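J.: Show me the folded form of this:
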Amino acid sequence: MLRRSTRRGPRGRAPADPLDADQEDRVRAVLSLGGVPHGELQDGVQHVRLRLLERAARGQEAPREVSAWAAVVASNWAMDYHRARRRQERLGERLAALRPAEPQEDGAESRVLSLAVAQGLDELPDSQRQVVVLRFYADLPVRDIADALGVPEGTVKSRLHAAVRVLRTRLHEGEVV
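T.: Sure thing, here's the model as predicted:
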């Protein structure tokens, strides 16, 4: 068990694994109760472990109650997991709404469009590509993008407008749409 003292392992290094088996089981239980699928539990455990290692790397002492601290971190990770999943579902719904209503014989047209968009994104300037990815792939609102990049909302909007215009033109020129 990780203790609050600055106990060191071989050669003065921190202990290799900050979570003992009981703590890891508790983290798994918190994640399971939080609705995280069984296949994703190990990612959550690794996240908690990483957070403990980051604390040690910054020279901070271990939390007084490692088990309680780990449970809180696991609970937060479970909430973040569900938020990200809902965001991906909304993005999928938005993309599905853009698709034509008629059924496609095969996914060839969809693959061609995806490749053309990816190529178009690669050709955009970094600043435009960044806002397009954050807006349409990460599903962030303009205000959050502006805050994250440290630029005004108007700058984000103008970059998005310019990028979408360029992508639309390239898709039409390439007769993809």
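
J.: where do the helices sit along this structure?
T.: 21-33, 41-57, 66-98, 108-123, 126-132, 142-149, 153-173 (DSSP state H).

J.: Thought residue 116 was touching residue 171, still the case?
T.: Yes - in this structure, residue 171 is within contact of residue 116 by Cβ atoms under 8 Å, at 5.8 Å. From N, CA and C alone the C-beta is placed, and that goes for glycine too.

J.: quick one: residue 148 from residue 134, how far?
T.: The gap separating residue 148 from residue 134 is 7 Å, by Cβ to Cβ, to the nearest Å.

J.: actually residue 66, sorry about that
T.: Per Cβ to Cβ, residue 66 is found 35 Å from residue 134.

J.: And for residue 50?
T.: Using Cβ to Cβ, we find residue 50 at a distance of 24 Å from residue 134.

J.: between the two, who's got more neighbours?
T.: Higher neighbour count among residue 50 and residue 134: residue 134, with 19 against 12, using other Cβ atoms under 10 Å.

J.: Low-confidence ranges, the protein, go.
T.: For the chain, the stretches flagged by pLDDT under 70 are 1-16, 95, 98-110, 174-177.

J.: Against residue 57, how distant is residue 71?
T.: Plainly put, residue 71 is 22 Å away from residue 57 if you go by Cβ to Cβ.

J.: what does residue 82 give?
T.: Using Cβ to Cβ, residue 82 is found at 29 Å from residue 57.

J.: of those two, who's got more company?
T.: Legend: neighbour count by other Cβ under 10 Å for residue 82 and residue 57, higher for residue 82 (13 against 9).

J.: Return the residues in contact with that one.
T.: Taking Cβ atoms under 8 Å, 6 or more residues apart in numbering, we find residue 82 in contact with 34, 35.

J.: for residue 44, same thing?
T.: Contacts of residue 44 by Cβ under 8 Å, 6+ apart are 27, 28, 31, 36, 74, 77, 78, 81.

J.: could those be laid out in TSV, adding distance to residue 158 and neighbour count?
T.: Below are those laid out as TSV (distance: Cβ to Cβ, whole Å; neighbours: other Cβ atoms under 10 Å):
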residue	distance to residue 158	neighbour count
27	45	25
28	47	18
31	42	26
36	40	21
74	41	27
77	36	23
78	38	20
81	34	19
